[in-house]
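# this is the structure alone, sequence omitted:
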C-alpha cells in the first residue's frame, strides 16, 4: 500500500489490520456528461486526486451503471491496484441457483480488471429471511471458497432495513465488516447509533454511507439550521459539520462520500485532516441538536436520491420531484417550484416527468431502500407543486415569452 498522506487520517480495520483512510470514495455518483453518460475524464482526475491525497478506499457496485468498468480502467491504466482497496457489491435479487454467484462475481472481476476484491458486500441485505434464502442456495459455501482462494479478502453487507433485523444479521454470520446509512439526522433510523455500537462491539469495522443524506445536509439545510451552525463556527461548511459528527465517533471506521467535483473532494479531504474521535465540544453538540429539530420540522420526505426507484415506467423523475418538494419547505416555495420546473419539465409536454404522471404501479416502492410510500408522497408533491396557481404562473410565463 502507498505511504499514507500526511494530511489524511486513518483508522484500522479491526479484522484485517488494514489501515484505511477515514474518507472513502463512493463511486455511485461519478460526474456525468448527461443523465446516462459518465464523464470519464473528470472521473479519472478526481480518482487520481483522491489517491494522491491519501484516500485508499473506493466503493462501487454491480448496479452502479458504468462505475465498475470506469473504476477498473482507471486503476489499471494508472497502476493503482496494489496501492488501494477496492470494494464492490453483489446484487442479491439476481440469484436463483448456486452458479449465479460466480456468474455475477466473474463479471465484476472483468469490469474491475482485477483478480480479487478487497471488500465485498452483499448489497442491501436487509432481513434474515433473505439471508436464509441465500444460505439455502449455498452462499456460505461460496463465500468460504472465495475467501480461501483469495478472490475475496473481506466479506460484509450493506444495510437499509429495520434495526432489529440488523442486529439479527450481525449474529447470523462471521462478517468482517458492514456498511450502514448513518448521519446526524438518521441517528435512530435503520441500523442507527445502536446498530453502529453493536457492530463495533462484535469487532466489525463499520463503513458509513449517505453521510450527507443525499446531499441534503450539504446543500438544502434550512436557513435557521445554517444560522445555528454559524453561531458556533462561521468557517465550517454544512458538509464539514456532517462529516465531523461521524468522525467524532470512534466506532465509525470510514465515511463514504460520492464526490463528483474537485471542490467537494478538496473540502472533504481538508475536513478529514482535522477530524478525530471525541473532538466535538459541548457547544457544537448543542448546535447539532438544534439543527436536527429544525431539519425534521422542514424536510418532509427522507429521500436520499439514490435513484434505486428509477427508471419509472411513466418517466416520473421521482428523486427530482421529492428534492423540489423538500426545497419548497426548507428554502421557500419560489426556489422549490423553480427546481421542480427544471427537474421535471412539467411545462413542456415533450419531456413531462412530473409527479402527476404517476399511475400507482408500485414498481418504485419495491426498490426503495428508504421504504418511502412513494405513491402517496408523489400525490402530495403533485398537489403542492402542480397547484392551480403554479399552472397559472406557467401559462402567464409562457404568454410573456411569446
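Now that the structure is in, tell me what you want to look at. On a predicted model such as this, the values are computed, not experimentally measured, just so you know. Residues are numbered from 1 along each chain as shown.

# run the chain-centre distance for the strand or helix carrying residue 20.
Element membership for residue 20, per DSSP states H and E: strand 19-21. From the chain centre to the centre of strand 19-21 is a distance of 19 Å (CA atoms, centre = their mean, to the nearest Å).

# can you list the strands that it pairs with?
Strand 19-21 has its sheet partners listed here by DSSP bridges as strand 10-12 (antiparallel).

# quick revisit: quick check: mean pLDDT of the strand holding residue 20?
Averaging pLDDT along strand 19-21 yields 98.

# buried set for it?
Across strand 19-21, burial judged by 16 or more other CB atoms under 10 Å covers 20, 21. (Each C-beta comes from the backbone N, C-alpha and C, glycine too.)

# do stretch 189-206 as well
Applying 16+ other CB under 10 Å to stretch 189-206 flags 189, 190, 191, 192, 195, 196, 198, 199, 200, 204, 205, 206 as buried.

# which other helices and strands contact the stretch of helix or strand residue 384 belongs to?
Using DSSP H and E, residue 384 sits in helix 374-385. Counting contacts by 3 or more CB pairs under 8 Å, 6 or more residues apart in numbering; DSSP states H and E, helix 374-385 is packed against helix 318-330, helix 333-344, helix 363-367.

# out of these, deepest packed?
helix 318-330 (a mean of 23; mean count of other CB atoms under 10 Å).

# ok, residues contacting it?
214, 216, 220-222, 295, 298-301, 303, 305-307, 309-310, 312, 335-337, 339-340, 343-344, 353-355, 364, 372, 374, 377-378, 380-381, 384-385 (CB atoms under 8 Å, 6 or more residues apart in numbering).

# which of these count as buried?
Buried members of these, scored by 16+ other CB under 10 Å, are 214, 216, 220-222, 295, 298-301, 303, 305-307, 309-310, 312, 336-337, 339-340, 343-344, 353-355, 364, 372, 374, 377-378, 380-381, 384-385.

# how far does stretch 103-122 sit from the chain's center?
20 Å.

# no wait, stretch 322-333
With CA atoms, centre = their mean, you get 21 Å for stretch 322-333.

# list the buried residues for the helix or strand in which residue 267 is found?
Using DSSP H and E, residue 267 sits in helix 262-273. Across helix 262-273, burial judged by 16+ other CB under 10 Å covers 264, 265, 267, 268, 269, 271, 272, 273.

# nearest to residue 73 among those residues?
residue 265 (19.6 Å; CB to CB).

# quick one: contacts for the closest one?
If a contact means CB under 8 Å, 6+ apart, then residue 265 has 46, 49, 50, 53, 259 as its contacts.

# mind redoing it with 10 Å?
23, 25, 45, 46, 47, 49, 50, 53, 55, 257, 259 (CB atoms under 10 Å, 6 or more residues apart in numbering).

# can you check residue 166 too?
125-128, 157, 159-160, 178, 180, 190-192, 194-196, 198-199.

# equivalent analysis for residue 12, please.
18, 19, 20, 205, 253.

# confidence-wise, which of the helices and strands packed on helix 374-385 is weakest overall?
When I compare those, helix 333-344 is least confident, with a mean of 76.

# in the stretch 1-150 of the chain, where is pLDDT below threshold?
Scanning the stretch 1-150 of the chain with the threshold set as pLDDT under 70 gives 1-6, 35, 94.

# could you check the angle the helix holding residue 384 makes with helix 318-330?
50 degrees (axes from the mean of the first three to the mean of the last three CA atoms, to 10 degrees).

# quick one, helix 374-385 and helix 333-344 angle?
120 degrees.

# name the nearest residue to residue 279, sequence neighbours excluded.
Among residues not flanking residue 279 along the chain, residue 248 sits closest, at 5.6 Å (CB to CB, 6 or more residues apart in numbering).

# give me the phi and psi for that neighbour.
Per-residue torsions, residue 248: phi -70, psi -20 (degrees, to the nearest 10).

# again, but for residue 83
phi -110, psi -10.

# that one and residue 75, how far apart?
9 Å (CB to CB, to the nearest Å).

# need the overlap of contacts for those two.
Going by CB under 10 Å, 6+ apart, residues that sit against residue 83 and also against residue 75 are residue 51.

# between the two, who's got more neighbours?
Looking at residue 83 and residue 75 with other CB atoms under 10 Å, you find the greater number of neighbours at residue 75, namely 21 against 13.

# and the host helix or strand of the more buried one, how far out from the chain's middle?
Per DSSP H and E: residue 75 is located in helix 67-77. Distance of helix 67-77 from the chain centroid (CA atoms, centre = their mean) equals 20 Å.

# same question, stretch 170-183
Distance, centroid of stretch 170-183 to centroid of chain: 16 Å (CA atoms, centre = their mean).

# kindly report the same for stretch 137-157.
That offset, for stretch 137-157, works out to 25 Å (CA atoms, centre = their mean).

# for that stretch, buried residues please.
138, 139, 142, 143, 146, 151, 152, 153, 154, 155, 156, 157.

# does residue 15 sit in a helix, a strand or a coil?
Secondary structure state of residue 15, per DSSP: H, G, I helix; E, B strand; the rest coil, is coil.

# I'd say it and residue 199 touch.
No: in this structure, residue 15 is not within contact of residue 199 by CB atoms under 10 Å, at 11.6 Å.

# what do the two both touch?
156, 175, 177, 205.

# does the third one really touch residue 159, like I thought?
Pointing back at residue 177 there. No: the pair residue 177 and residue 159 does not pass the contact test of CB under 10 Å, sitting 11.5 Å apart.

# what residues are shared contacts of these two?
121, 199.

# and the two? Which one has more around it.
Legend: neighbour count by other CB under 10 Å for residue 177 and residue 159, higher for residue 159 (28 against 25).

# so who does the more buried one touch?
121-127, 165-166, 169-170, 178-181, 190-191, 195, 199, 209, 369.

# buried ones only from the residues you listed, please, as a PyMOL command.
What follows is the PyMOL syntax selecting those of those that are buried according to 16+ other CB under 10 Å:
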select buried, resi 121+122+123+124+125+126+127+165+166+169+170+178+179+180+181+190+191+195+199+209+369
